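Chemist: Just to be clear, the model below is a prediction. Sequence and coordinates:
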Amino acid sequence: MTKEPIRTRAFSWRECLAVTFGLALLCPFRATFGWGPEGHAIIALISEHYMTPAALTRASDLLDGSTIVAVASWADDYRRDNRQTGPWHYIDIPLADSRIDMARECPEGDCVIGKTEQFLAVLRDPKADRQTKAEALRFVVHFIGDMHQPLHDEDDGDEGGNRRHVIFDGHPDNLHWVWDSGLLKHITRNPEALAAELESRITPQDRADWEKGTIEDWVMEGHRLAQTVAYGGLGNGNPAMITATYERQADPVVELQLEKAGVRLAYLLNTDLTPSLAWQESERSPQPAPSKGNPDAKVWVNTRSGAYHCPGTKWYGKTKEGEYMTQKQAQEKGYHPAYKEPCL
Ligand code: ADE
Ligand code: ZN
Ligand code: ZN
């Protein structure tokens, strides 16, 4: 773990008052946009490690040969020219709260929870076109990362810490930037090396535990870390000092959140990116199904994977998410038989 000061020094307050617009990004008040590029790259690298070959191929195909690592910060670039997408990257749950109020904190689905769920649905949608799916993939890769940054899951009247002044490395900065990038820059400067080290710590039991729960649960996990560690260890100073003790408590949280984000992203992409090979093929060259089976058969559709199950088979009525409908309706909606053969 390197501890050299590798960050470009932030300007002093006096320098900041004097800077021109072009240099304003270097000021302590700069608004930061999610884990920095390093954090998002680390999460995507970990995710690639746990993705199935089919999901990796599908991602590469949608991204025209690029990788989820290369596009992991695209949504932050997009945000600069598309300001209305800013709130998609976080959810301002009041720091003191212990529950999410979706109506208040995610109006019209415009928050990191609403948008992640919306773009995952696009990935699962057999009717969505390639371009729409490619964009949805870039957003999902980024937002799963953002929601694991605890300060993206809260607000303390300070824009998720963007307006909370701190001293980091002896220079003025803001708490949000410290969590997006500052702590990570002290941990290592090489995303590949850190990703490999974090992967080596993840056990099969960790993966099973972390894949449980909902997106809301994952966001509340981050929110509690904001309460207990990010703000809990800060003290009342203004600016507050980011001390070595603070960093010792925060670093393992940053590392664990990166690990969880990588594992959970892979889990979602493995299920939602490759519901079946059948519809990927049909997307390229639409082909009529050779036999459609009995149109009135009552089938069970796994709405997460896009596969439907015939009466009497193992998963009929049993998958976590799903609904009954006739085989005709299932086929019209673009679902496919789970075992290639339609129900008779
Ligand atoms: N802007 C306002 N609230 C924010 C948050 N929680 N995270 C990032 N940017 C924000
Ligand atoms: Zn951020
Ligand atoms: Zn972001």
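Modeler: Perfect, thanks for sending it. Ligands and ions are numbered 1, 2, ... in the order given.
Chemist: near ligand 2, which residues of the stretch 51-200 of the chain?
Modeler: residue 180 (Cβ under 5 Å from the ion). (C-beta placed from N, C-alpha, C; glycine too.)
Chemist: Got the phi and psi for the closest residue to ligand 1 within the stretch 51-200 of the chain?
Modeler: Ligand 1 sits closest to residue 160 of the stretch 51-200 of the chain, with a gap of 2.3 Å, by Cβ to the nearest ligand atom. Note on residue 160: its backbone torsions stand at phi 60, psi 30 [degrees, to the nearest 10].
Chemist: ok, now which ones touch the residue lying closest to it once chain neighbours are set aside?
Modeler: Once flanking residues are discounted, residue 160 sits nearest to residue 151: 4.7 Å by Cβ to Cβ, 6 or more residues apart in numbering. If you count contacts by Cβ atoms under 8 Å, 6 or more residues apart in numbering, residue 151 has them with 90, 160-161, 175-176, 179-180, 226, 230.
Chemist: ok so, going back, check the residue of the stretch 51-200 of the chain closest to ligand 1 and give its pLDDT.
Modeler: Per-residue pLDDT puts residue 160 at 98.
Chemist: Burial check on the closest residue to residue 246 other than its chain neighbours, number of neighbours?
Modeler: Leaving out its chain neighbours, the residue that sits closest to residue 246 by Cβ to Cβ, 6+ apart is residue 233, at 5.1 Å. By other Cβ atoms under 10 Å, the residues close to residue 233 number 17.
Chemist: sorry, back to before: most surrounded residue in the contacts of residue 151?
Modeler: Counting neighbours by other Cβ under 10 Å, the top entry in the contacts of residue 151 is residue 230, with 31 neighbours.
Chemist: Are we agreed that it is in a helix?
Modeler: Yes - under DSSP: H, G, I helix; E, B strand; the rest coil, residue 230 falls within a helix.
Chemist: Could you find the closest non-adjacent residue to it?
Modeler: Leaving aside its sequence neighbours, residue 230 sits nearest to residue 150 (Cβ to Cβ, 6+ apart; 5.2 Å).
Chemist: what about residue 301, helix or strand, and which?
Modeler: strand 298-302 (DSSP states H and E).
Chemist: Name the strands paired with that strand and say parallel or antiparallel.
Modeler: The pairing partners recorded for strand 298-302 under DSSP bridges are strand 307-309 (antiparallel), strand 323-326 (antiparallel).
Chemist: Quick one: the strands in the stretch 151-300 of the chain, in order.
Modeler: Using DSSP state E, counting those that start in this stretch, the strands found in the stretch 151-300 of the chain span residues 165-168, 171-174, 240-241, 298-302.
Chemist: Including mean neighbour count, distance to residue 197 and mean pLDDT, could those go into a markdown table?
Modeler: Below are these laid out as a markdown table (neighbours: other Cβ atoms under 10 Å; distance: least, Cβ to Cβ, whole Å; pLDDT from 0 to 100):
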| stretch | mean neighbour count | distance to residue 197 | mean pLDDT |
| --- | --- | --- | --- |
| strand 165-168 | 20 | 23 | 98 |
| strand 171-174 | 21 | 26 | 98 |
| strand 240-241 | 16 | 28 | 98 |
| strand 298-302 | 22 | 36 | 85 |
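Chemist: Ligand 3: which of the ones you listed is closest?
Modeler: Closest approach to ligand 3 among the strands of the stretch 151-300 of the chain is made by strand 171-174 (15.6 Å; Cβ to the ion).
Chemist: doesn't residue 252 make contact with residue 187?
Modeler: No - the criterion here is Cβ atoms under 8 Å, and residue 187 misses it with residue 252 at 10.1 Å.
Chemist: In space, what's closest to residue 143 - neighbours in sequence excluded?
Modeler: residue 116 (4.5 Å).
Chemist: contacting residues for residue 43?
Modeler: 35, 72, 141, 144-145, 148, 258, 261-262, 265.
Chemist: For residue 337, state which of those is nearest.
Modeler: The shortest gap between residue 337 and any of these belongs to residue 265, at 28.7 Å (Cβ to Cβ).
Chemist: Who are the contact partners of residue 59?
Modeler: 51, 67-68, 137, 269, 273.
Chemist: Retrieve the pLDDT associated with it.
Modeler: Here the pLDDT value assigned to residue 59 is 98.
Chemist: buried residues in the helix ranked longest in the chain?
Modeler: In the chain, with assignment by DSSP state H, the single longest helix is helix 244-272. Across helix 244-272, burial judged by 16 or more other Cβ atoms under 10 Å covers 246-247, 250, 253-272.
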